[in-house]
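Q: Just to be clear, the model below is a prediction. Sequence and coordinates:
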Amino acid sequence: MMDELELLKKDWQKKGKQLPKLSYDDIHKMLWKKSSSLVKWIFYISIGEFIFWIILGNIPLQGDAQLAETKYTDMIASIFEYLGYGITLFFVIKFYLNYRKISTEDSTRELMKNIIRVRKTVMTYVWISLALFASSLLVLITEMVFFEPEFSQLIERASDADNPLLVYGLFFFGVVMIIALFGGVIWLFYRLLYGILLKRLNSNYRELQKLEV
Amino acid sequence: MNKELEHQFVTALENNQNIVHKVCSLYTNNRDAHNDLFQEITIQLWKAYPKFRGDSKFSTWMYRVALNTAITLYRKSKKRVRTQDYDSVIFKIKADEYDDTQERQLKLMYNAVKQLGDIEKALVFLYLEDKNYTEIAETLGITEVNARVKMNRVKNKLRTILNP
C-alpha cells in the first residue's frame, strides 16, 4: 500500500503537462464573474429572513380601534413592538459581525465554524421572533375575547353551556394548535432549506470535529 | 494601483494554475463542473487577494483558499447537464509511461481516491502535493497528531477500496 501511494505521488507530481492551461485573458475574465458560493446564498437568505420578520412584526396586530378598554393591551402591544425592534437590531449587528469573520484564508475547520455560527445567529433570531409573534397573537386573542362585543356574547353563551370549562378548553386548544401549526410549517421549511443547503457542510464539519475530540 | 494589483494577481494565478486544476479534478466529475469550480476558486482568490500580505508563498496561500472553496463554498449548480462522468484529464494515464501493471494500479488508485469523502480527499491531496503534516494540520484546522491519525485511516480505507 505504501508503495502504491508513493507511486501515485510520483505520478501525481508529473501531471502538470496534462492539465488544462488557461491563458492570462481567460483568468482575467473570471475576476468579474459572479460568485455563487454557499456564503452568498446564506447572506441573501438571512437578509430575506430579517426582512420577513420585520414586516411580520409591523403588521398592526390590533383589534377594533374604537375600543376604549384596550389601554392595557395597547401597552403590552407597544412593549412587544419595542422589544421586537431591539431584538432585530441586536441580531442584525451580531449577524453582520459574524458574517465579516468568514474568511477563506482561515483553516477549513475555522471557516466552517464561522459559517455555522452565522446560521445559528439568524436561526436564534427566527425562533425568538416566532415566540414574540406567538405571544402577541395570544395577547390579541385575549384582548378580543374580553373586549370585542361578539366575543363577549360568545363567552356568555359559553358560560350558559353545560360545561363551560370544556368550551374554554377547546378554544384554548384551538389557539395553541394554530400557533403550533405555524411554528411547524416554519420548522419544516427550515429543515428542508438548510437540510439541502448545509448538508455537506455539516457532515464535513462533524468529521473534523470528531477528529478533535 | 488597482490595475497593477489585477495584473499581479492574474500573472501569479496563471503561473500557479496547476494547483487549482488539481483541486478541481479531485472534487468534480465532469468538464463543466471543473470549469465552474475553477471560476469560483478564482473569484474567491481574487476577493481574498488584497489581504494576502505575502508572509507566506502565493502557492501556499492558494492551497488554503482553493481547498476551502472546493470543500465548503462551492455549490454544484443544478442546470449542469448530467452527462456520464468523464475521466478528468488528470486521471488519464499515458500508456507509454508505465508498464501494464503499474498503469492498472495507478488507475485503481485514482479511482479509489475519487471515492473518498471531502475531508479525506483534502488530506490525500496535500499529501500528494508533498506537504508535511504541520502544513496539512494547519490548512484543515486540526492538530498534527490528528492529521497523522486521519491520514493512516485514509490509507486503510484506500486499501479496503483497492482490495475488497
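A: Ah, there it is.

Q: what helix or strand does the closest residue in space to B:Thr143 that isn't next to it in sequence sit in?
A: Once flanking residues are discounted, B:Thr143 sits nearest to B:Ala137: 5.9 Å by C-beta to C-beta, 6 or more residues apart in numbering or on different chains. Backbone N, C-alpha and C define where each C-beta goes, glycine included. According to DSSP states H and E, B:Ala137 maps onto helix B:133-140.

Q: For the chain, which element, helix or strand, carries the lowest mean pLDDT?
A: No chain in the question, so chain A it is. Least confident helix or strand, chain A: helix A:149-160 with a mean of 70, by mean pLDDT, DSSP states H and E.

Q: wrong one, I was asking about chain B
A: That would be, for chain B by mean pLDDT, DSSP H and E, helix B:100-114 at a mean of 83.

Q: Centre of the chain to that helix, how far?
A: A distance of 18 Å separates the C-alpha centroid of helix B:100-114 from that of its chain, computed with C-alpha atoms, centre = their mean, to the nearest Å.

Q: Show me what it packs onto, helices and strands only.
A: Secondary-structure packing of helix B:100-114 (3 or more C-beta pairs under 8 Å, 6 or more residues apart in numbering or on different chains; DSSP states H and E): helix A:2-13, helix B:144-162.

Q: So for A:Ile186, which of those helices sits nearest?
A: Closest of those to A:Ile186 is helix B:144-162, at 38.1 Å (criterion: C-beta to C-beta).

Q: Counting by contacts, list what the closest one packs against.
A: helix A:2-13, helix A:164-212, helix B:100-114, helix B:118-128, helix B:133-140.

Q: tell me the contacts of the residue in chain B that chain A sits nearest to?
A: Taking C-beta to the nearest C-beta as the measure, chain B has B:Gly141 as its residue closest to chain A, at 3.0 Å. Contacts for B:Gly141 (C-beta atoms under 8 Å, 6 or more residues apart in numbering or on different chains) come out as A:106-111, A:208.

Q: Quick check: it vs A:Lys113, distance?
A: Counting by C-beta to C-beta, to the nearest Å, the gap from B:Gly141 to A:Lys113 is 8 Å.

Q: now B:Lys121
A: For B:Lys121 relative to A:Lys113 (C-beta to C-beta), the value is 20 Å.

Q: A:Leu97 now?
A: Distance from A:Leu97 to A:Lys113, by C-beta to C-beta: 15 Å.

Q: who has more neighbours, the two?
A: Using other C-beta atoms under 10 Å in any protein chain shown as the criterion, A:Leu97 and A:Lys113 rank with A:Lys113 on top: 17 against 11.

Q: Show the contacting residues for that one.
A: Contact analysis of A:Lys113 by C-beta under 8 Å, 6+ apart lists A:Tyr205.

Q: Between helix B:118-128 and the host helix or strand of it, find me the angle.
A: Using DSSP H and E, A:Lys113 maps to helix A:108-147. Relative orientation of helix A:108-147 versus helix B:118-128 (axes from the mean of the first three to the mean of the last three C-alpha atoms, to 10 degrees): 160 degrees.

Q: which regions of chain B sit below the pLDDT cut-off?
A: B:1, B:77-99 (pLDDT under 70).

Q: Now the spatially most central residue of it: closest residue in space, sequence neighbours ignored.
A: With distances taken as C-alpha atoms, centre = their mean, B:Val23 lies nearest the centre of chain B, 2.2 Å away. Nearest residue to B:Val23 in three dimensions, chain neighbours excluded: B:Ala66, at 4.7 Å (C-beta to C-beta, 6+ apart).

Q: The one you found contacts B:Glu40, doesn't it?
A: No - B:Ala66 is not in contact with B:Glu40 according to C-beta atoms under 8 Å; the separation is 9.7 Å.

Q: who has more neighbours, these two?
A: Between B:Ala66 and B:Glu40, counted using other C-beta under 10 Å, the more crowded position is B:Ala66 (28 against 24).

Q: so which helix or strand takes in the more buried one?
A: Here B:Ala66 sits within helix B:58-68, counting by DSSP H and E.

Q: of the helices and strands packed on helix B:100-114, which approaches B:Lys3 most closely?
A: With C-beta to C-beta as the measure, helix A:2-13 is the member of the helices and strands packed on helix B:100-114 nearest B:Lys3 (35.1 Å).

Q: Does the following helix or strand past that closest one reach chain B?
A: On the C-terminal side of helix A:2-13, the closest following helix or strand by DSSP H and E is helix A:24-30. Yes - Helix A:24-30 is in contact with chain B by C-beta under 8 Å from any C-beta of the partner chain, via A:24, A:27-28, A:30.

Q: mind listing what A:Trp12 touches?
A: By C-beta under 8 Å, 6+ apart, the neighbours of A:Trp12 are B:22, B:128-129.

Q: possible to save these as TSV with neighbour count and distance to A:Val126?
A: Formatted as TSV, those follow (neighbours: other C-beta atoms under 10 Å in any protein chain shown; distance: C-beta to C-beta, whole Å):
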residue	neighbour count	distance to A:Val126
B:Lys22	22	40
B:Leu128	19	43
B:Glu129	17	42
